[in-house]
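J.: sequence and computational prediction follow.
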Amino acid sequence: MEFKESILIKLVVMLQCLTLVLCASQDFDFFYFVQQWPGSYCDTQQSCCYPTSGKPDADFGIHGLWPNYNDGSYPSNCDSSNPFQQSQVSNLISTMQKEWPTLACPSGNGIQFWSHEWDKHGTCSESLLNQHDYFEAALNLKQKANLLQALTSAGINPDGDSTV
């Protein structure tokens, strides 16, 4: 058990270090990079629907990249004049469908979910990231902080068993 806790602590530290790379704005203090496990999300929600692109992989999916303040509060819905525009992320859509799937009902293609994330969180990071860069940064963090790989390497498997 100590080994698993040690790996999890190292993983949290690694994620904090990755977060620091993105922290350079006066408008907020840091980002939370939030991932979700589809099975857990679906178990805790009243209902869960797979995206129209199909059942997500048994992997963590991005939930969001959220600007926050050190005092625990966070900015939200900062710029209603800059709504989500699919054309701004057209070259990222296929990757977003795989790495940032919607699990909300009714099933969707992700556009409504990504629009919500941009409107609520992304617009608050505009001093640092434009719309394309916001979504690309989250995708890059997902790749660099491969949570499933880190847990699997530590012998923690998504089937409820461990090899440790």
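T.: Thanks, I have the structure now. Numbers count the residues shown, from 1 in each chain.
J.: centroid-nearest residue for this structure?
T.: residue 62 (2.8 Å; CA atoms, centre = their mean).
J.: and that one, which helix or strand is it part of?
T.: strand 61-68 (DSSP states H and E).
J.: tell me the strands beside that strand, with direction?
T.: If you go by DSSP bridges, strand 61-68 pairs up with strand 30-36 (antiparallel).
J.: would you put the C-alpha positions of the partner strand in CSV?
T.: C-alpha atoms of strand 30-36 as CSV (Å, rounded to 0.1, in the frame of the first residue of the first chain):
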residue,chain,number,x,y,z
PHE,A,30,-2.7,28.1,-11.7
PHE,A,31,-4.6,25.6,-13.8
TYR,A,32,-6.2,22.4,-12.6
PHE,A,33,-5.9,19.7,-15.3
VAL,A,34,-8.9,17.5,-14.6
GLN,A,35,-9.2,14.0,-15.9
GLN,A,36,-12.1,11.5,-15.4
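J.: circling back to that earlier point, how far off centre is the helix or strand just after the strand holding residue 62?
T.: Per DSSP H and E, strand 61-68 leads on to helix 93-99 as the next helix or strand towards the C-terminus. Helix 93-99 has its C-alpha centroid displaced from the chain centroid by 12 Å (CA atoms, centre = their mean, to the nearest Å).
J.: what mean pLDDT does the next helix or strand after helix 93-99 get?
T.: Note on helix 93-99: by DSSP H and E, the next helix or strand toward the C-terminus is helix 111-120. Helix 111-120 shows a mean pLDDT of 97.
J.: and the angle for the helix or strand just after helix 111-120 with strand 61-68?
T.: Using DSSP H and E, the helix or strand that directly follows helix 111-120 along the chain is helix 131-144. Put simply, helix 131-144 runs at 120 degrees to strand 61-68, going by axes from the mean of the first three to the mean of the last three CA atoms, to 10 degrees.
J.: now for the next helix or strand after helix 131-144, which elements pack on it?
T.: For helix 131-144, the succeeding helix or strand toward the C-terminus, using DSSP H and E, is helix 147-153. Applying 3 or more CB pairs under 8 Å, 6 or more residues apart in numbering; DSSP states H and E, one finds that helix 147-153 contacts helix 2-21. The C-beta positions use only the backbone N, C-alpha and C, and glycine is treated the same way.
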